[in-house]
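K.L.:
Structure of the sequence below:
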Amino acid sequence: MTAQISPNAFVASPLSPSLPQHDAKDLTKGGHLALITLNDQIYALRITRQGKLILTK
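P.N.:
Numbers count the residues shown, from 1 in each chain. Here you go, the predicted structure:
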């Protein structure tokens, strides 16, 4: 069985003000690429020309 997650599940709302929220443009410092680390793994966050996000390992 596959769990379905609502696209809005991670959007901060008045009911969840404690969730951190980060602007992707701030993470990329105005560019299109940022590197993110988690548990000694490096991931690339990319903003596409269409304004969408891609996270790759």
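
K.L.:
alpha carbons only for contacts and neighbour counts from here, please
P.N.:
Fine.

K.L.:
Need the contact partners of the least confident helix or strand in the chain by mean pLDDT.
P.N.:
Across the helices and strands of the chain, mean confidence by mean pLDDT, DSSP states H and E is lowest for helix 24-27: a mean of 95. With contacts defined as Cα atoms under 8 Å, 6 or more residues apart in numbering, helix 24-27 is touched by 31-32, 34, 47.

K.L.:
are any of these buried, and which?
P.N.:
32, 34, 47 (16 or more other Cα atoms under 10 Å).

K.L.:
quick one: low-confidence parts of the protein?
P.N.:
For the chain, the stretches with pLDDT under 70 are 1-16.

K.L.:
Next one: residue 33 relative to residue 27, how far apart?
P.N.:
Counting by Cα to Cα, to the nearest Å, the gap from residue 33 to residue 27 is 8 Å.

K.L.:
Looking at these two, which one has more neighbours?
P.N.:
Set side by side, residue 33 and residue 27 show more neighbours around residue 33, with 19 against 15, by other Cα atoms under 10 Å.

K.L.:
Ends of stretch 49-56, what's the gap?
P.N.:
16 Å.

K.L.:
buried set for that stretch?
P.N.:
By neighbour count with 16+ other Cα under 10 Å, stretch 49-56 contains no buried residues.

K.L.:
and for it, what are the contacting residues?
P.N.:
Contacts to stretch 49-56, defined as Cα under 8 Å, 6+ apart, come from residues 43-48.

K.L.:
Please repeat the previous calculation with a cut-off of 7 Å.
P.N.:
Identification of contacts with stretch 49-56 by Cα atoms under 7 Å, 6 or more residues apart in numbering yields 43-47.

K.L.:
I figured residue 33 hits residue 43, correct?
P.N.:
No - counting by Cα atoms under 7 Å, residue 33 stays clear of residue 43, with 10.3 Å between them.

K.L.:
and the contacts of stretch 49-56, which of them are in strands?
P.N.:
Among the contacts of stretch 49-56, the ones falling in strands (DSSP state E) are 43-47.
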